[in-house]
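**Q** No letters, just coordinates:
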């Protein structure tokens, strides 16, 4: 039940936040581009389009700072998995990559359930 409540909180936060502010460091801003071809602008568009679904928080491996995950389309139409943390009301992306086939299927299933509510 705790994970369900957390996902509801993450969904509420995502839908209610009016303006997303981002904090990029040199390593994270270039890592996703070089490894996966995903730019910082594309990552930010996943948030601003408001079509993403929350997957929850990272539980393994354990890390000092809570990591969250959203799955959603970018402005380029690419489905992305974005892992991030919240720091002082700013989003600090940790990694982003194209969603796997399994993740794309999960996204479609969740969006369909939302439509049917």
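**A** Now that the structure is in, tell me what you want to look at. Here the structure is a predicted model, which is why all the values come from computation and not from measurement.

**Q** Identify the bridge partners of the residue most central in space within the chain.
**A** For the chain, residue 70 is the residue whose C-alpha lies nearest the centre (C-alpha atoms, centre = their mean; 2.6 Å). For residue 70, the beta-bridge partners under DSSP bridges are residue 54, residue 82.

**Q** Surely it and residue 57 touch.
**A** No - at 11.2 Å, residue 70 does not count as touching residue 57 under the criterion of C-beta atoms under 8 Å. (C-beta placed from N, C-alpha, C; glycine too.)

**Q** for stretch 33-46, the distance to its chain's centre please.
**A** Centre-to-centre, stretch 33-46 and its host chain are 12 Å apart (C-alpha atoms, centre = their mean, to the nearest Å).

**Q** got the contact list for it?
**A** Stretch 33-46 has contacts (C-beta atoms under 8 Å, 6 or more residues apart in numbering) with 20, 22, 24, 29, 32, 52, 70, 72-76, 78, 80, 82, 93, 96-98.
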